[in-house]
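give me a model of this one.
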Amino acid sequence: MRIDYYEVLGVRRDASDEEIKKAYRKLVFQYHPDRNPDNAEAEAKIREVNAAYAVLGDQDARKSYERLRWGAEPQDTGPDLDVVLATMFGKLEDEGRKEIFSLWIKEVGRIKAELAVIRERTVAVQGYDTFREDIVMARGREILEEFITPDMDQRKDRLLDVAVQMMKSQRVIDPSDERQAQELRMRLDERIKAGRLHGWAAALELFYQRR
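You can find the predicted model right below:
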């Protein structure tokens, strides 16, 4: 079964902050190394409990977890780590896509200006106007960073922190290997950036009219 932090702490998904804290304290008391000397099972459990509370005990991290979590349905075998990772990639890409799409869909003037630039480049390349994805994406890579605000970067960092923590808890990477964690974070970051590009393209396509 995929690890669900709510199940780890033994609380409902709608549990209050105080209920989560109370459950955490109870489990820490139960599985603390001082009460369970040389008990490997208790040692593993306390690590799991601490990881769960690090996310659910922080309101922003908890919100990120809710957006990234998946169903904890039982499986006949252990989790397919490739599927777990692919699922996380997909969720982060979708987060990036929705974020930029919702931003740009409100900026009709900017969209029309960008379509004019893209149209000019497209005609220069092929002699007629179409919605060429490669040219649209190239333009997006040129300008999108200008529209990424500090708040957007902070939200992205929170998502990445929680995503990496979730991948550690699923043993997709070694929880103690920081090099692996940094490499995974970079890969996950690229998925968000890819999603942002697709969100940009989707917003522009809604307003595109061939000439």
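
helix/strand/coil for the most centrally placed residue in the chain?
The centre of the chain sits closest to residue 92, judged by Cα atoms, centre = their mean, with a distance of 3.6 Å. Assigned by DSSP: H, G, I helix; E, B strand; the rest coil, the conformation of residue 92 is helix.

mind checking which helix or strand the closest residue in space to it that isn't next to it in sequence is in?
Leaving aside its sequence neighbours, residue 92 sits nearest to residue 191 (Cβ to Cβ, 6 or more residues apart in numbering; 4.5 Å). Heads up, the C-betas are built off the backbone N, CA and C, glycines and all. Using DSSP states H and E, residue 191 falls within helix 178-207.

give me the helices and strands touching that helix, please.
For helix 178-207, the packing partners by 3 or more Cβ pairs under 8 Å, 6 or more residues apart in numbering; DSSP states H and E come out as helix 81-104, helix 108-126, helix 133-143, helix 150-169.

can you tell which of those helices is closest to residue 47?
helix 150-169 (9.2 Å; Cβ to Cβ).

which secondary structure elements does that closest one contact?
When contacts are defined as 3+ Cβ pairs under 8 Å, 6+ apart, helix 150-169 packs onto helix 40-56, helix 59-68, helix 81-104, helix 178-207.

what does it contact?
Taking contacts as Cβ atoms under 8 Å, 6 or more residues apart in numbering, the residues outside helix 150-169 that touch it are 3, 5, 48, 51-52, 54-55, 60-61, 64-65, 67-69, 84-85, 88, 92, 95-96, 99, 173-175, 181, 184-185, 188-189, 192.

what residue in this protein is the furthest from its centre?
Here the centre of the chain is the reference, and by Cα atoms, centre = their mean the most remote residue is residue 127, at 40.2 Å.

hang on, the earlier thing: would CSV of the helices and strands packed on helix 178-207 with distance to residue 15 and mean pLDDT be doable?
Below are the helices and strands packed on helix 178-207 laid out as CSV (distance: least, Cβ to Cβ, whole Å; pLDDT from 0 to 100):
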stretch, distance to residue 15, mean pLDDT
helix 81-104, 23, 91
helix 108-126, 42, 95
helix 133-143, 41, 96
helix 150-169, 17, 93
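
isn't residue 35 right next to residue 29, touching?
Yes. Look at residue 35 against residue 29 with Cβ atoms under 8 Å: they come within range, at 7.4 Å.

next up, the contacts around residue 102.
Contacts of residue 102 by Cβ under 8 Å, 6+ apart are residue 199.

any idea how far residue 210 is from it?
26 Å (Cβ to Cβ, to the nearest Å).

any idea how far residue 133 is from the residue nearest to residue 92?
Residue 191 is 18 Å from residue 133, by Cβ to Cβ.

picking up where we left off before, got a markdown table for the helices and strands packed on helix 178-207, with distance to residue 42 too?
Below are the helices and strands packed on helix 178-207 laid out as a markdown table (distance: least, Cβ to Cβ, whole Å):
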| stretch | distance to residue 42 |
| --- | --- |
| helix 81-104 | 26 |
| helix 108-126 | 57 |
| helix 133-143 | 50 |
| helix 150-169 | 17 |
